[in-house]
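Q: Coordinates for the following, if possible.
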Amino acid sequence: MPGLQDKTVAIIGGGPAGLMAAEVIAAAQGSGGPRVLLFERMPSVGRKLLMAGRGGLNITHSEPLDGFKARYGEAAAWMARLIEAFPPAALRDWCSGLGQPTFVGSSGRVFPEAMKASPLLRAWLARLNGLGVEIVTRAEWTGWNEDGALCFADGRRQQADATLLALGGASWPRLGADGGWTALLPGIAIAPLQPANCGFQVAWSDIFRQRHAGQPLKRIALQFGNVTRRGEAVITAAGIEGGAVYALSSLLREAIARDGAAVLRLDLRPDLDRREVARLVAEPRRGASLANFLRKRIGLLPVAIGLVQEALHGDSASQPLDGLIKSLPLRLTAPFGIERAISTAGGIALHEVDSGLMLRQKPGVFVAGEMLDWEAPTGGYLLQGCMASGIAAGSGILSWLASR
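A: The predicted structure follows:
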């Protein structure tokens, strides 16, 4: 944009939202755009992106756009504009432009063909370097001084014509985002940061915990209220976690906060209807133990058999066996800690920012990514939302600078 070459934009945070905004702003330098400085408190950028890619980087999802937008729950209407401006197809094209073509997996999730995050991040950083983005690491932002300069823990001061805050939520704090920024924005409405896409505590018996902690539950269905999700989960020493649990985590978290506990229903054989299960369990055992009977007749694995036995020795002792197999109750008492969550809920209230993601109370200061009060399930929706918000904030900064 002509006339902006004497301007400086500071971006605080080197995650996907910050990096994407940096690209948008720096791409304008060829036509007279501003200087872009990106500050990251850790020794390198993109650490959470690399962690997410350890098992295969789920970049986005191939779900039709209307269904995709609905995945953002209470923030769906607000997020719709950002997703429409940078939809999954655009993100896939962006990956291809970095030499990292993508493919759609059997679940509809989209992955880079290389599966890993590191080749994508390397190509991205090379592009940013070519665009002139200056990245400063080990730079922990501590607020502003009386002159409006950005302050850093090492004593550095930086004046900026516009600033983007992309400091993330508070999950996986060892990767850089610890939520400490909430204390640096007095007067801004901020919903408390809470764990999202997280596991939940279950009071297992000692014998169940010792035998089955760490074992996966495959091809199951979980139900809470009128919402059902198929997928997988993992038994832990403290409770249960995994993709199917994460998909219901916002509903479960809210129910526990309201009622003190939540009862999650587990279908151990979603491929069989209850009438078929009832027929199978009604057949004579012929001296077989319950465990052998469930293994041979119903096809349950040891961990699933252990869950049935756990229920029979607890409050569900009087429930029919077919009912336990198709709707086994798990009483969840609390979400796992925010440090173990994949992402966080809460953050800066959406009414605090304008259409360009600028804080209404702090002109020239923009916000993107998980700092804002929206959440999304795993499956590519979270990363898509972060990058779409980075696009929106970067465009908002250019428009705001040009208007001045």
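Q: Show me where this protein has its helices.
A: 16-26, 47-52, 65-70, 76-85, 88-97, 118-130, 206-212, 243-246, 249-259, 274-282, 290-293, 302-312, 321-326, 381-403 (DSSP state H).
Q: Reformat these as a markdown table; add distance to Glu370.
A: The way it works is simple: take the backbone N, C-alpha and C, and place the C-beta from them, glycine included. Below are the helices of the chain laid out as a markdown table (distance: least, C-beta to C-beta, whole Å):
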| stretch | distance to Glu370 |
| --- | --- |
| helix 16-26 | 8 |
| helix 47-52 | 9 |
| helix 65-70 | 18 |
| helix 76-85 | 13 |
| helix 88-97 | 17 |
| helix 118-130 | 18 |
| helix 206-212 | 33 |
| helix 243-246 | 15 |
| helix 249-259 | 14 |
| helix 274-282 | 40 |
| helix 290-293 | 44 |
| helix 302-312 | 33 |
| helix 321-326 | 37 |
| helix 381-403 | 7 |
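Q: winner for burial among the ones you listed?
A: helix 16-26 (a mean of 27; mean count of other C-beta atoms under 10 Å).
Q: what's the angle between that helix and helix 118-130?
A: Per axes from the mean of the first three to the mean of the last three C-alpha atoms, to 10 degrees, the angle that helix 16-26 makes with helix 118-130 is 30 degrees.
Q: hmm, back to that, I'd like the helices of the chain laid out as CSV, including mean pLDDT and distance to Leu37.
A: Shown next, in CSV, are the helices of the chain (pLDDT from 0 to 100; distance: least, C-beta to C-beta, whole Å):
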stretch, mean pLDDT, distance to Leu37
helix 16-26, 97, 9
helix 47-52, 89, 19
helix 65-70, 96, 33
helix 76-85, 97, 24
helix 88-97, 98, 23
helix 118-130, 96, 12
helix 206-212, 96, 50
helix 243-246, 93, 35
helix 249-259, 96, 36
helix 274-282, 92, 61
helix 290-293, 91, 63
helix 302-312, 95, 51
helix 321-326, 94, 57
helix 381-403, 96, 13
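Q: Quick one: closest of the ones you listed to Arg174.
A: Comparison of the helices of the chain against Arg174 by C-beta to C-beta identifies helix 47-52 as nearest, at 8.8 Å.
Q: For the closest one, which helices and strands make contact with it?
A: helix 118-130 (3 or more C-beta pairs under 8 Å, 6 or more residues apart in numbering; DSSP states H and E).
Q: Go through the helices of the chain and name the closest to Gly148.
A: helix 381-403 (15.8 Å).
Q: Alpha carbons only: can I get that closest one in CSV?
A: The C-alpha trace of helix 381-403 is given here as CSV (Å, rounded to 0.1, in the frame of the first residue of the first chain):
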residue,chain,number,x,y,z
TYR,A,381,-11.2,-26.2,12.9
LEU,A,382,-9.0,-24.6,15.6
LEU,A,383,-6.0,-24.0,13.2
GLN,A,384,-8.3,-22.8,10.5
GLY,A,385,-9.8,-20.3,12.9
CYS,A,386,-6.5,-19.0,14.1
MET,A,387,-5.1,-18.5,10.6
ALA,A,388,-8.3,-16.9,9.3
SER,A,389,-8.2,-14.5,12.3
GLY,A,390,-4.6,-13.7,11.4
ILE,A,391,-5.7,-12.9,7.8
ALA,A,392,-8.4,-10.6,9.1
ALA,A,393,-6.2,-8.8,11.6
GLY,A,394,-3.4,-8.3,9.0
SER,A,395,-5.9,-6.9,6.5
GLY,A,396,-7.4,-4.7,9.3
ILE,A,397,-4.0,-3.3,10.2
LEU,A,398,-3.3,-2.3,6.6
SER,A,399,-6.7,-0.7,6.2
TRP,A,400,-6.4,1.2,9.5
LEU,A,401,-2.9,2.5,8.6
ALA,A,402,-4.1,3.5,5.1
SER,A,403,-7.0,5.4,6.6
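Q: re earlier: to Pro192, which of the helices of the chain lies closest?
A: helix 249-259 (10.4 Å).
Q: What is the distance between that closest one and the centre of its chain?
A: 17 Å (C-alpha atoms, centre = their mean, to the nearest Å).
Q: Can you pull out the residues in contact with that helix?
A: 73, 194-198, 200, 224-225, 227, 245, 262, 264, 332-335, 345, 375, 377 (C-beta atoms under 8 Å, 6 or more residues apart in numbering).
Q: Having no further points to raise, I will conclude here.
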